[in-house]
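A.B. asks: after the sequence you'll find the predicted model.
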Amino acid sequence: METVLIVDDEKNYPLILSAVLQEEGYEVLTANSGPDALDILNHSDVDLVLTDMKMPGMDGIELMENVKRLNPSIPVIMMTAYGTVEKAVEAMQKGAYNYILKPFDNENLIVFVKKAIDMHRVLQENRRLRDVVENRFHFDNIIGKSKRMIELFDLIQKMARSSATVLIEGESGTGKELVAKSIHFNGPRKDKPFIAVNCSALSEHLLESELFGHEKGAFTGAVATKKGRFELADTGTLFLDEIGELSQNLQVKLLRVLQERVFERVGGVKPLPLNIRIIAATNKNLKHETETGHFREDLYYRLNVLHLVLPPLRERLEDIRLLVAHMIEKYAAERGGNAPVSGVDQDVDRLFYEYAWPGNVRELENVIERAMVLCPGDVIRVSDLPMEFKKNIPSSLHLDDIPPNAKLYDTLDMVEQTMIKRALTLSHNVQSHAAELLGIGKSGLNQKIKKYGIKVDA
């Protein structure tokens, strides 16, 4: 229920207005002076202030200015007599939503109030969505503590400050769109549109219309003029995903847009100015694509003003535990009445470090989401993982390869050395991480490293 604050020094007027607005379903608060109204605003949530213009002490304009200092989004409607219309116009110039002349018809009052509150609701929702978006695509939502990721965070922060074109390269599932959104929503265009288009999802003809828009009658089926993604992203950011799939014809047209910052709709002849930031992404090596003639070299250099390469998950294995913890928290609500999941057991942890992750973070998230649904207890076990995932885990111990006359202790030593070397490799020689993988203490690992004379690089 929306709340309206009525302010008028005539004691009967607020009573009459209260009855009218309460009948319409509004909650009504009343005050007979500006200071009383401000006291109410300091202690109550109000969606609209309806105030008289002429009041002793603090008049309507002064009250409105104080309201705007407290909460700029609260609309203020001035009630005024014919003799103070000029003051009401002055109030609107200073931020009042509207004014209404006394005496007024109840229906007109209700219309004014409804429009003002609708506007307030939209502003609140937009602010809420913006806060959600900014939080969602803050750097904290790109998970990682490895050296590669720390360097990536630093680059994103620097790139976000500018409006220069960015090229993001990385395998599928490494989070290219998440990085693009982080650059946009932490930069000077964060309050402007972020428009994404996948260049591999549409045919050349449809993609051209999608990007540039079209004029009425430009082709069969073009029954009306349509704005394209360039226009929709104006003053904001256009994210071109899978830019490496762009046809040669569209590469030429995109190059002109980047060079001249103008474009024409399909079927149009009028150049339209453009003020956007371009962020492009690809899972290909565009430099190699230019060398093989599949991508224009001049376009590549136009796109490659700022360059990011996202590391695959197999090259930042030390981030897996952080990612798993984040994803378990993310999908916790989907378990319904089941017990909360606290983590994964040691065998699963080891499997995650051994796996190559061809689908990268997206594949890891898929595995965790599925396991969260199927896990009967509070810890994810190997039995909760997808069968196709377990089939792809490489087996490093082949008993058939052990000679029949091999001595037990010699064989166990060999296996132990192999496992220690593998754990050190997987943990990038961070001994505390390697010890966790092996399920032993760090001091025990140090003793075994010395026992076998294993060389550990820094």
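C.D. replies: Yep, it's here. Numbers count the residues shown, from 1 in each chain.

A.B. asks: use CA for all of it now, contacts and neighbours both
C.D. replies: OK.

A.B. asks: contact partners for the closest residue in space to S163 that isn't next to it in sequence?
C.D. replies: With CA to CA, 6 or more residues apart in numbering as the criterion, S163 has its nearest non-adjacent residue at 5.7 Å, and that residue is R277. For R277, the contacting residues are S163, A164, T165, T235, G236, T237, L238, taking CA atoms under 8 Å, 6 or more residues apart in numbering as the criterion.

A.B. asks: who wins on neighbours among those?
C.D. replies: Looking at the contacts of R277 with neighbours defined as other CA atoms under 10 Å, the largest count falls to T237 at 29 neighbours.

A.B. asks: show me what it is bridged to.
C.D. replies: In this structure, T237 has the following beta-bridge partners (DSSP bridges): F194, R277.

A.B. asks: that one touches F194, doesn't it?
C.D. replies: Yes - taking contacts as CA atoms under 8 Å, T237 lies within contact range of F194: 4.9 Å.

A.B. asks: low-scoring stretches of the chain, by residue?
C.D. replies: Within the chain, the ranges that satisfy pLDDT under 70 run 1, 82-84, 125-141, 336-338, 390-402, 458.

A.B. asks: tell me the domain boundaries of it?
C.D. replies: Following automatic domain parsing, one finds the domains of the chain at 3-132, 143-311, 314-391, 399-452.

A.B. asks: for L206, state which of the contacts of R277 is nearest.
C.D. replies: Lowest distance from L206 to the contacts of R277 (CA to CA) belongs to L238, with 17.2 Å.

A.B. asks: which residues touch the spatially closest residue to E264 that is not a sequence neighbour?
C.D. replies: Once flanking residues are discounted, E264 sits nearest to P271: 5.0 Å by CA to CA, 6+ apart. Applying CA under 8 Å, 6+ apart, one finds that P271 lies in contact with V262, F263, E264.

A.B. asks: ChimeraX command to pick out the buried ones of those?
C.D. replies: Remark: buried members of the contacts of P271, expressed as a ChimeraX selection using 16 or more other CA atoms under 10 Å:
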select :263,264
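
A.B. asks: now, which of the contacts of P271 lie within helices?
C.D. replies: If you go by DSSP state H, these have nothing in helices.

A.B. asks: got CSV for the contacts of P271, with distance to K54 too?
C.D. replies: Conversion of those to CSV gives the following (distance: CA to CA, whole Å):
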residue, distance to K54
V262, 53
F263, 54
E264, 55
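
A.B. asks: from the contacts of P271, which land in strands?
C.D. replies: With DSSP state E as the criterion, strands contain V262, F263 from among these.

A.B. asks: how much space separates the closest residue to G267 other than its chain neighbours from R121?
C.D. replies: Closest residue to G267 apart from its sequence neighbours, by CA to CA, 6+ apart: A218 at 4.6 Å. As for A218, its distance to R121 is 40 Å (criterion: CA to CA, to the nearest Å).

A.B. asks: where does the spatially most distant residue from the centre of the chain sit: helix, strand or coil?
C.D. replies: In the chain, the greatest distance from the average C-alpha position (CA atoms, centre = their mean) is reached by N405, at 60.5 Å. Taking DSSP: H, G, I helix; E, B strand; the rest coil as the rule, one finds N405 in the coil state.

A.B. asks: I'd like to know how far it sits from V415.
C.D. replies: With distances taken as CA to CA, N405 is found 16 Å from V415.

A.B. asks: out of the contacts of R277, the closest to V382 would be?
C.D. replies: L238 (42.0 Å).

A.B. asks: ok, that closest one - contacts?
C.D. replies: Taking CA under 8 Å, 6+ apart as the contact definition, L238 lies against F194, I195, A196, V197, R229, F230, I276, R277, I278, I279.

A.B. asks: separation between it and L232?
C.D. replies: L238 sits 9 Å away from L232 when distances are taken as CA to CA.

A.B. asks: list residues touching both of these two?
C.D. replies: Between them, L238 and L232 share the neighbouring residues I195, with contact defined by CA under 8 Å, 6+ apart.

A.B. asks: just give me the neighbour total for the residue nearest to G267.
C.D. replies: One way to gauge burial is a neighbour count; for A218, by other CA under 10 Å, it gives 17.

A.B. asks: now do the strands in the stretch 301-450 of the chain.
C.D. replies: 306-309, 343-344, 379-380 (DSSP state E, counting those that start in this stretch).

A.B. asks: in its sheet, what does the second one sit against?
C.D. replies: So the one you mean is strand 343-344. In the sheet containing strand 343-344, its partner strands are strand 379-380 (parallel), by DSSP bridges.

A.B. asks: got it, and the first one?
C.D. replies: Each strand that pairs with strand 306-309, with its direction, by DSSP bridges: strand 166-169 (parallel).

A.B. asks: how far is the partner strand from where the chain is centred?
C.D. replies: Its chain's C-alpha centre and that of strand 166-169 lie 17 Å apart, by CA atoms, centre = their mean, to the nearest Å.

A.B. asks: which helix or strand lies directly C-terminal to that strand?
C.D. replies: Counting by DSSP states H and E, the element after strand 166-169 in chain order, helix or strand, is helix 176-185.

A.B. asks: list the buried residues of that next one.
C.D. replies: Using 16+ other CA under 10 Å as the burial criterion, the residues of helix 176-185 that qualify are K176, E177, L178, V179, A180, K181, S182, I183, H184, F185.

A.B. asks: do I have it right that the fifth one meets I279?
C.D. replies: Meaning A180. Yes - contact status for A180 versus I279: in contact at 6.6 Å, counting by CA under 8 Å.

A.B. asks: identify the contacts common to those two.
C.D. replies: Taking CA under 8 Å, 6+ apart as the contact rule, A180 and I279 both touch I168, F239.

A.B. asks: ok, which stretches of the stretch 101-250 of the chain are helices?
C.D. replies: 106-136, 147-160, 176-185, 204-212, 229-232, 248-260 (DSSP state H, counting those that start in this stretch).

A.B. asks: most tightly packed of these?
C.D. replies: Taking mean count of other CA atoms under 10 Å as the contact definition, the stretch among the helices of the stretch 101-250 of the chain with the greatest mean neighbour count is helix 176-185, which reaches a mean of 24.

A.B. asks: from the chain's centre, how far out does that helix sit?
C.D. replies: Helix 176-185 has its average C-alpha position 7 Å from the chain's average C-alpha position, going by CA atoms, centre = their mean.
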